[in-house]
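1. give me the fold of what follows.
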Amino acid sequence: MADQRRAWSDEAVRRIEADFNRSADTHLIRVELPKFPGITLYLKDESVHPTGSLKHRLARSLILYGLCNNRIGPGTLLVDATSGSTAVSEAYFAKLIGLKFVAVIPRSTSPAKIEAIRFHGGDVHMVDSASEMYPAAERLAAEAGGLFLDQFTYAERATDWRGNNNIAQSIFQQMAREDHPVPAWIVCGAGTGGTSATLGRFIRYGRYPTRLCVADPEGSVFHRHHADRSVTAPPQGACCLIEGIGRPRVEPSFVPEVIDRMIAVPDAASIGATRAIATRIGRPVGGSTGTNIHACLQLVEEMAAAGEVGSIVTILCDSGLRYAQTYYDDQWLEAQGLHWREFGQKATHLLN
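-> This is a model prediction of the structure:
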(Lines give C-alpha, C1' and ligand atoms only; values in the text may rest on other atoms or scores of the structure.)
Protein backbone atom coordinates (compact mmCIF):
# COMPACT_ATOMS: atom_id res chain seq x y z
CA MET A 1 0.00 0.00 0.00
CA ALA A 2 2.82 2.43 0.90
CA ASP A 3 4.58 1.64 -2.38
CA GLN A 4 1.38 2.31 -4.33
CA ARG A 5 0.86 5.65 -2.57
CA ARG A 6 4.48 6.62 -3.26
CA ALA A 7 4.13 5.70 -6.92
CA TRP A 8 0.90 7.74 -7.15
CA SER A 9 2.56 10.71 -5.49
CA ASP A 10 5.57 10.51 -7.81
CA GLU A 11 3.25 10.57 -10.81
CA ALA A 12 1.29 13.51 -9.40
CA VAL A 13 4.48 15.54 -8.95
CA ARG A 14 5.59 14.60 -12.46
CA ARG A 15 2.30 15.86 -13.92
CA ILE A 16 2.55 19.19 -12.11
CA GLU A 17 6.19 19.66 -13.11
CA ALA A 18 5.36 18.71 -16.71
CA ASP A 19 2.61 21.32 -16.71
CA PHE A 20 5.13 23.91 -15.48
CA ASN A 21 7.60 22.83 -18.17
CA ARG A 22 4.98 23.54 -20.84
CA SER A 23 4.48 27.09 -19.56
CA ALA A 24 6.40 30.22 -20.52
CA ASP A 25 7.23 32.94 -18.00
CA THR A 26 4.75 35.79 -17.61
CA HIS A 27 5.34 39.09 -19.41
CA LEU A 28 6.76 42.26 -17.90
CA ILE A 29 4.92 45.20 -19.46
CA ARG A 30 6.74 48.55 -19.63
CA VAL A 31 4.47 51.57 -19.09
CA GLU A 32 6.04 54.92 -19.96
CA LEU A 33 5.07 57.89 -17.77
CA PRO A 34 5.45 61.01 -19.96
CA LYS A 35 4.85 63.39 -17.05
CA PHE A 36 7.69 61.83 -15.03
CA PRO A 37 10.91 61.64 -17.09
CA GLY A 38 13.34 59.08 -15.71
CA ILE A 39 10.67 57.09 -13.86
CA THR A 40 9.21 53.99 -15.51
CA LEU A 41 6.41 51.70 -14.37
CA TYR A 42 6.42 47.96 -15.08
CA LEU A 43 3.53 45.51 -14.75
CA LYS A 44 4.29 41.83 -14.09
CA ASP A 45 1.37 40.32 -16.01
CA GLU A 46 0.22 37.30 -14.01
CA SER A 47 -3.11 37.17 -15.84
CA VAL A 48 -1.53 35.06 -18.61
CA HIS A 49 -1.19 31.93 -16.46
CA PRO A 50 -3.41 29.01 -17.56
CA THR A 51 -5.85 29.83 -14.76
CA GLY A 52 -5.64 33.57 -15.28
CA SER A 53 -4.07 34.99 -12.14
CA LEU A 54 -1.10 35.34 -9.81
CA LYS A 55 -2.65 32.60 -7.66
CA HIS A 56 -1.60 29.99 -10.23
CA ARG A 57 1.90 30.09 -8.70
CA LEU A 58 0.52 29.73 -5.17
CA ALA A 59 -1.81 26.83 -5.98
CA ARG A 60 1.01 24.88 -7.65
CA SER A 61 3.24 25.46 -4.62
CA LEU A 62 0.53 24.52 -2.10
CA ILE A 63 -0.29 21.23 -3.79
CA LEU A 64 3.37 20.33 -4.31
CA TYR A 65 3.92 21.14 -0.62
CA GLY A 66 1.11 18.78 0.33
CA LEU A 67 2.41 16.03 -1.94
CA CYS A 68 6.02 16.30 -0.82
CA ASN A 69 4.98 16.28 2.85
CA ASN A 70 2.95 13.11 2.17
CA ARG A 71 -0.34 14.76 3.13
CA ILE A 72 -1.96 14.12 -0.23
CA GLY A 73 -2.63 10.67 -1.61
CA PRO A 74 -4.93 8.99 -4.12
CA GLY A 75 -8.51 9.90 -3.28
CA THR A 76 -7.66 12.80 -0.94
CA LEU A 77 -10.33 15.50 -1.05
CA LEU A 78 -8.66 18.91 -1.29
CA VAL A 79 -10.42 21.86 0.38
CA ASP A 80 -9.47 25.51 0.76
CA ALA A 81 -10.90 28.78 2.04
CA THR A 82 -10.52 31.45 -0.63
CA SER A 83 -12.03 34.54 -2.18
CA GLY A 84 -11.99 32.87 -5.57
CA SER A 85 -8.81 33.19 -7.66
CA THR A 86 -6.79 30.69 -5.60
CA ALA A 87 -9.68 28.27 -5.87
CA VAL A 88 -9.70 28.50 -9.66
CA SER A 89 -6.03 27.52 -9.73
CA GLU A 90 -6.36 24.84 -7.04
CA ALA A 91 -9.24 23.27 -8.98
CA TYR A 92 -7.01 23.19 -12.07
CA PHE A 93 -4.16 21.37 -10.31
CA ALA A 94 -6.48 19.03 -8.42
CA LYS A 95 -8.04 17.96 -11.70
CA LEU A 96 -4.57 17.56 -13.22
CA ILE A 97 -3.68 14.92 -10.62
CA GLY A 98 -7.14 13.31 -10.53
CA LEU A 99 -8.45 14.65 -7.21
CA LYS A 100 -11.66 16.40 -6.18
CA PHE A 101 -11.52 19.96 -4.89
CA VAL A 102 -14.00 22.05 -2.88
CA ALA A 103 -13.67 25.82 -2.54
CA VAL A 104 -15.18 27.52 0.49
CA ILE A 105 -15.94 31.06 -0.69
CA PRO A 106 -17.94 34.12 0.41
CA ARG A 107 -21.28 34.63 -1.31
CA SER A 108 -19.95 37.96 -2.59
CA THR A 109 -17.45 36.19 -4.89
CA SER A 110 -17.89 37.28 -8.50
CA PRO A 111 -20.03 34.97 -10.65
CA ALA A 112 -17.23 34.70 -13.23
CA LYS A 113 -14.85 33.27 -10.61
CA ILE A 114 -17.44 30.73 -9.49
CA GLU A 115 -17.96 29.70 -13.10
CA ALA A 116 -14.18 29.34 -13.55
CA ILE A 117 -13.86 27.15 -10.44
CA ARG A 118 -16.54 24.82 -11.77
CA PHE A 119 -15.05 24.89 -15.27
CA HIS A 120 -11.83 23.45 -13.87
CA GLY A 121 -13.72 20.69 -12.05
CA GLY A 122 -14.03 22.21 -8.58
CA ASP A 123 -17.09 22.34 -6.34
CA VAL A 124 -18.21 25.40 -4.38
CA HIS A 125 -19.37 25.72 -0.77
CA MET A 126 -20.60 29.25 0.01
CA VAL A 127 -20.57 31.02 3.37
CA ASP A 128 -22.00 34.40 4.35
CA SER A 129 -18.78 36.10 5.46
CA ALA A 130 -15.00 35.78 5.11
CA SER A 131 -14.64 34.89 8.81
CA GLU A 132 -16.78 31.77 8.28
CA MET A 133 -14.53 30.36 5.55
CA TYR A 134 -11.83 28.88 7.77
CA PRO A 135 -13.96 26.75 10.15
CA ALA A 136 -16.16 25.61 7.28
CA ALA A 137 -13.14 24.47 5.24
CA GLU A 138 -11.62 22.67 8.23
CA ARG A 139 -14.90 20.90 8.91
CA LEU A 140 -15.45 19.79 5.29
CA ALA A 141 -11.90 18.40 5.05
CA ALA A 142 -12.13 16.61 8.41
CA GLU A 143 -15.49 15.01 7.60
CA ALA A 144 -14.13 13.59 4.33
CA GLY A 145 -10.70 12.63 5.66
CA GLY A 146 -9.29 15.16 3.20
CA LEU A 147 -6.77 17.99 3.39
CA PHE A 148 -7.45 21.62 4.19
CA LEU A 149 -4.79 23.27 1.99
CA ASP A 150 -4.97 26.42 4.15
CA GLN A 151 -3.40 28.96 1.83
CA PHE A 152 -3.42 31.62 4.53
CA THR A 153 -1.07 29.57 6.72
CA TYR A 154 1.14 27.83 4.16
CA ALA A 155 1.55 30.46 1.41
CA GLU A 156 4.77 31.88 2.85
CA ARG A 157 6.42 28.52 3.45
CA ALA A 158 5.25 26.56 0.38
CA THR A 159 7.11 28.92 -1.99
CA ASP A 160 10.91 28.79 -2.26
CA TRP A 161 11.80 32.45 -1.60
CA ARG A 162 15.46 31.99 -2.65
CA GLY A 163 14.59 31.31 -6.27
CA ASN A 164 13.31 28.28 -8.18
CA ASN A 165 11.60 30.63 -10.65
CA ASN A 166 9.48 32.37 -8.03
CA ILE A 167 7.93 35.71 -8.99
CA ALA A 168 10.73 37.74 -7.38
CA GLN A 169 13.49 35.96 -9.28
CA SER A 170 11.50 36.32 -12.50
CA ILE A 171 11.09 40.09 -12.00
CA PHE A 172 14.80 40.73 -11.43
CA GLN A 173 15.80 38.56 -14.39
CA GLN A 174 13.38 40.35 -16.72
CA MET A 175 14.51 43.79 -15.51
CA ALA A 176 18.20 43.05 -16.19
CA ARG A 177 18.46 45.05 -19.44
CA GLU A 178 16.18 47.95 -18.56
CA ASP A 179 17.31 51.56 -18.01
CA HIS A 180 17.07 51.08 -14.25
CA PRO A 181 17.45 47.30 -13.83
CA VAL A 182 17.19 47.26 -10.04
CA PRO A 183 13.74 48.60 -9.11
CA ALA A 184 13.52 51.46 -6.63
CA TRP A 185 10.25 49.93 -5.45
CA ILE A 186 8.31 46.72 -5.93
CA VAL A 187 4.62 47.10 -5.09
CA CYS A 188 2.21 44.25 -4.38
CA GLY A 189 -0.98 43.58 -2.45
CA ALA A 190 -1.54 41.14 0.39
CA GLY A 191 -4.21 38.47 0.56
CA THR A 192 -2.43 35.57 2.20
CA GLY A 193 0.78 37.57 2.57
CA GLY A 194 2.71 34.94 0.63
CA THR A 195 3.73 37.16 -2.29
CA SER A 196 5.00 39.99 -0.10
CA ALA A 197 6.91 37.47 2.04
CA THR A 198 8.56 35.95 -1.06
CA LEU A 199 9.44 39.34 -2.54
CA GLY A 200 10.75 40.78 0.71
CA ARG A 201 12.90 37.76 1.50
CA PHE A 202 14.30 37.54 -2.03
CA ILE A 203 15.22 41.24 -2.01
CA ARG A 204 17.18 40.74 1.20
CA TYR A 205 18.71 37.47 0.06
CA GLY A 206 19.96 39.18 -3.12
CA ARG A 207 21.17 42.25 -1.16
CA TYR A 208 19.23 44.57 -3.47
CA PRO A 209 18.53 48.18 -2.45
CA THR A 210 14.94 47.75 -3.69
CA ARG A 211 12.21 48.61 -1.22
CA LEU A 212 8.97 46.68 -0.89
CA CYS A 213 5.64 48.49 -0.61
CA VAL A 214 2.40 46.65 0.07
CA ALA A 215 -0.79 48.33 -1.13
CA ASP A 216 -3.61 47.39 1.22
CA PRO A 217 -7.36 48.13 1.10
CA GLU A 218 -8.38 50.76 3.64
CA GLY A 219 -10.68 48.30 5.42
CA SER A 220 -7.97 45.65 5.88
CA VAL A 221 -6.10 44.85 9.09
CA PHE A 222 -2.70 44.35 7.45
CA HIS A 223 -1.61 48.00 7.21
CA ARG A 224 -2.81 48.60 10.75
CA HIS A 225 -0.83 45.62 12.04
CA HIS A 226 2.26 46.75 10.14
CA ALA A 227 2.09 50.12 11.91
CA ASP A 228 1.28 48.65 15.32
CA ARG A 229 1.84 44.93 15.97
CA SER A 230 -0.71 44.94 18.78
CA VAL A 231 -3.52 45.58 16.28
CA THR A 232 -4.96 42.27 15.05
CA ALA A 233 -8.35 43.31 13.67
CA PRO A 234 -9.76 46.29 11.77
CA PRO A 235 -12.36 48.56 13.36
CA GLN A 236 -15.84 47.10 13.64
CA GLY A 237 -17.76 47.58 10.41
CA ALA A 238 -14.66 47.99 8.25
CA CYS A 239 -14.96 46.12 4.96
CA CYS A 240 -13.24 45.71 1.62
CA LEU A 241 -14.84 45.29 -1.80
CA ILE A 242 -11.60 44.46 -3.60
CA GLU A 243 -11.46 40.69 -4.05
CA GLY A 244 -8.31 38.73 -3.27
CA ILE A 245 -6.56 41.24 -1.00
CA GLY A 246 -7.14 42.77 2.42
CA ARG A 247 -8.15 40.62 5.38
CA PRO A 248 -10.23 40.93 8.56
CA ARG A 249 -7.53 39.10 10.54
CA VAL A 250 -3.73 38.93 10.50
CA GLU A 251 -2.99 35.82 8.46
CA PRO A 252 -0.16 33.47 9.49
CA SER A 253 1.60 34.00 6.14
CA PHE A 254 1.74 37.78 6.53
CA VAL A 255 5.32 38.74 7.44
CA PRO A 256 5.39 42.48 8.26
CA GLU A 257 9.10 42.51 9.05
CA VAL A 258 10.10 42.24 5.36
CA ILE A 259 7.83 45.09 4.23
CA ASP A 260 9.36 48.58 4.03
CA ARG A 261 6.12 50.49 3.64
CA MET A 262 2.37 50.00 3.42
CA ILE A 263 -0.11 52.31 1.72
CA ALA A 264 -3.80 52.13 2.64
CA VAL A 265 -5.99 52.52 -0.45
CA PRO A 266 -9.74 53.38 -0.39
CA ASP A 267 -11.85 51.01 -2.49
CA ALA A 268 -12.99 53.90 -4.68
CA ALA A 269 -9.35 54.77 -5.42
CA SER A 270 -8.67 51.15 -6.38
CA ILE A 271 -11.58 51.19 -8.83
CA GLY A 272 -10.51 54.53 -10.30
CA ALA A 273 -6.97 53.28 -10.86
CA THR A 274 -8.31 49.98 -12.23
CA ARG A 275 -10.27 51.81 -14.91
CA ALA A 276 -7.36 54.17 -15.65
CA ILE A 277 -4.68 51.49 -16.13
CA ALA A 278 -7.09 49.32 -18.14
CA THR A 279 -7.56 52.20 -20.58
CA ARG A 280 -3.81 52.91 -20.63
CA ILE A 281 -2.79 49.35 -21.59
CA GLY A 282 -5.87 48.56 -23.67
CA ARG A 283 -7.42 45.71 -21.68
CA PRO A 284 -9.34 45.22 -18.45
CA VAL A 285 -7.58 44.32 -15.20
CA GLY A 286 -8.86 43.26 -11.80
CA GLY A 287 -9.47 45.49 -8.80
CA SER A 288 -6.39 44.41 -6.87
CA THR A 289 -4.25 45.63 -9.78
CA GLY A 290 -5.93 49.01 -9.35
CA THR A 291 -4.96 48.99 -5.66
CA ASN A 292 -1.35 48.40 -6.69
CA ILE A 293 -1.46 51.13 -9.33
CA HIS A 294 -2.83 53.72 -6.90
CA ALA A 295 0.09 53.05 -4.55
CA CYS A 296 2.58 53.09 -7.45
CA LEU A 297 1.40 56.51 -8.60
CA GLN A 298 1.77 57.88 -5.07
CA LEU A 299 5.36 56.61 -5.03
CA VAL A 300 5.98 58.07 -8.51
CA GLU A 301 4.86 61.51 -7.34
CA GLU A 302 7.07 61.26 -4.25
CA MET A 303 10.10 60.20 -6.31
CA ALA A 304 9.57 63.03 -8.77
CA ALA A 305 9.19 65.59 -5.97
CA ALA A 306 12.48 64.36 -4.48
CA GLY A 307 14.26 64.56 -7.84
CA GLU A 308 14.72 60.79 -7.99
CA VAL A 309 14.69 58.55 -11.06
CA GLY A 310 14.26 54.80 -11.31
CA SER A 311 11.85 51.96 -11.94
CA ILE A 312 8.78 50.74 -10.08
CA VAL A 313 7.49 47.22 -10.64
CA THR A 314 4.05 46.03 -9.65
CA ILE A 315 1.78 43.08 -10.34
CA LEU A 316 -1.08 42.81 -12.80
CA CYS A 317 -2.86 40.19 -10.72
CA ASP A 318 -5.68 39.04 -12.99
CA SER A 319 -7.89 39.98 -15.89
CA GLY A 320 -10.81 42.36 -15.52
CA LEU A 321 -13.02 39.99 -17.51
CA ARG A 322 -13.86 38.28 -14.21
CA TYR A 323 -15.31 41.54 -12.90
CA ALA A 324 -17.54 42.65 -15.79
CA GLN A 325 -20.58 42.52 -13.49
CA THR A 326 -18.89 44.37 -10.63
CA TYR A 327 -15.90 46.71 -11.07
CA TYR A 328 -16.78 47.46 -14.71
CA ASP A 329 -20.51 47.89 -14.05
CA ASP A 330 -21.27 51.52 -13.19
CA GLN A 331 -24.65 50.64 -11.69
CA TRP A 332 -23.09 48.06 -9.37
CA LEU A 333 -20.44 50.56 -8.25
CA GLU A 334 -23.11 53.19 -7.59
CA ALA A 335 -25.10 50.69 -5.53
CA GLN A 336 -22.00 50.08 -3.40
CA GLY A 337 -21.61 53.82 -2.82
CA LEU A 338 -18.21 53.92 -4.52
CA HIS A 339 -17.47 57.42 -5.85
CA TRP A 340 -14.53 56.43 -8.02
CA ARG A 341 -14.60 58.88 -10.93
CA GLU A 342 -12.42 61.61 -9.38
CA PHE A 343 -9.81 58.99 -8.45
CA GLY A 344 -10.00 57.65 -11.99
CA GLN A 345 -9.45 61.08 -13.50
CA LYS A 346 -6.37 61.70 -11.35
CA ALA A 347 -4.88 58.29 -12.16
CA THR A 348 -5.55 58.83 -15.87
CA HIS A 349 -3.81 62.22 -15.69
CA LEU A 350 -0.71 60.73 -14.03
CA LEU A 351 -0.50 57.75 -16.39
CA ASN A 352 -0.71 59.76 -19.61
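
2. now do the strands in the chain.
-> Secondary structure of the chain (DSSP state E): strands at 28-32, 39-45, 78-81, 101-106, 123-127, 147-148, 185-188, 211-217, 261-265, 310-316.

3. reformat those strands as CSV; add mean neighbour count and distance to Glu251.
-> Heads up, the C-betas are built off the backbone N, CA and C, glycines and all. As requested, the strands of the chain are exported to CSV (neighbours: other Cβ atoms under 10 Å; distance: least, Cβ to Cβ, whole Å):
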stretch, mean neighbour count, distance to Glu251
strand 28-32, 14, 28
strand 39-45, 22, 22
strand 78-81, 27, 11
strand 101-106, 24, 15
strand 123-127, 16, 17
strand 147-148, 21, 14
strand 185-188, 27, 15
strand 211-217, 26, 12
strand 261-265, 21, 14
strand 310-316, 24, 18
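
4. redo those strands as CSV? Include distance to Glu301.
-> Listed next are the strands of the chain as CSV, based on distance: least, Cβ to Cβ, whole Å:
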stretch, distance to Glu301
strand 28-32, 15
strand 39-45, 10
strand 78-81, 37
strand 101-106, 34
strand 123-127, 40
strand 147-148, 43
strand 185-188, 12
strand 211-217, 13
strand 261-265, 12
strand 310-316, 11
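
5. format the ones you listed as JSON lines; extra columns: distance to Tyr154 and mean pLDDT.
-> Converted to JSON lines, the strands of the chain look like this (distance: least, Cβ to Cβ, whole Å; pLDDT from 0 to 100):
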{"stretch": "strand 28-32", "distance to Tyr154": "27", "mean pLDDT": "98"}
{"stretch": "strand 39-45", "distance to Tyr154": "23", "mean pLDDT": "98"}
{"stretch": "strand 78-81", "distance to Tyr154": "10", "mean pLDDT": "97"}
{"stretch": "strand 101-106", "distance to Tyr154": "16", "mean pLDDT": "95"}
{"stretch": "strand 123-127", "distance to Tyr154": "20", "mean pLDDT": "95"}
{"stretch": "strand 147-148", "distance to Tyr154": "10", "mean pLDDT": "98"}
{"stretch": "strand 185-188", "distance to Tyr154": "18", "mean pLDDT": "98"}
{"stretch": "strand 211-217", "distance to Tyr154": "19", "mean pLDDT": "98"}
{"stretch": "strand 261-265", "distance to Tyr154": "23", "mean pLDDT": "98"}
{"stretch": "strand 310-316", "distance to Tyr154": "20", "mean pLDDT": "98"}
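
6. closest to Ala176 out of those strands?
-> Checking the strands of the chain against Ala176 by Cβ to Cβ gives strand 28-32 as the closest, at 10.6 Å.

7. now do the helices in the chain.
-> Under the criterion DSSP state H, the chain carries helices at the ranges 2-21, 55-68, 85-96, 111-119, 133-144, 151-158, 167-174, 194-205, 222-227, 267-281, 287-305, 330-335, 341-351.

8. of the ones you listed, which stretch is the most buried?
-> When you average the neighbours per residue for each of the helices of the chain (mean count of other Cβ atoms under 10 Å), helix 85-96 leads with a mean of 26.

9. which residues are contacting it?
-> Residues outside helix 85-96 that contact it (Cβ atoms under 8 Å, 6 or more residues apart in numbering) are 15-16, 19, 49-56, 58-60, 62-63, 78, 80, 82, 100-101, 103, 105, 113, 116-118, 120-122, 124, 149, 151, 191-192, 243-244, 317-318.

10. nearest to Gly38, out of the helices of the chain?
-> helix 287-305 (8.4 Å).

11. packing partners for the closest one?
-> strand 39-45, strand 185-188, strand 211-217, strand 261-265, helix 267-281, strand 310-316, helix 341-351 (3 or more Cβ pairs under 8 Å, 6 or more residues apart in numbering; DSSP states H and E).

12. Arg280 and Thr82, how far apart?
-> Shown here: Arg280 relative to Thr82, a distance of 29 Å by Cβ to Cβ, to the nearest Å.

13. sorry, that was for Gly337
-> 26 Å.

14. more neighbours, those two?
-> Taking other Cβ atoms under 10 Å, Gly337 and Thr82 do not tie; Thr82 has more neighbours (29 against 9).

15. wait, the more buried one touches Gln151, no?
-> Yes. Proximity of Thr82 to Gln151 meets the contact threshold set by Cβ atoms under 8 Å, at 6.4 Å.
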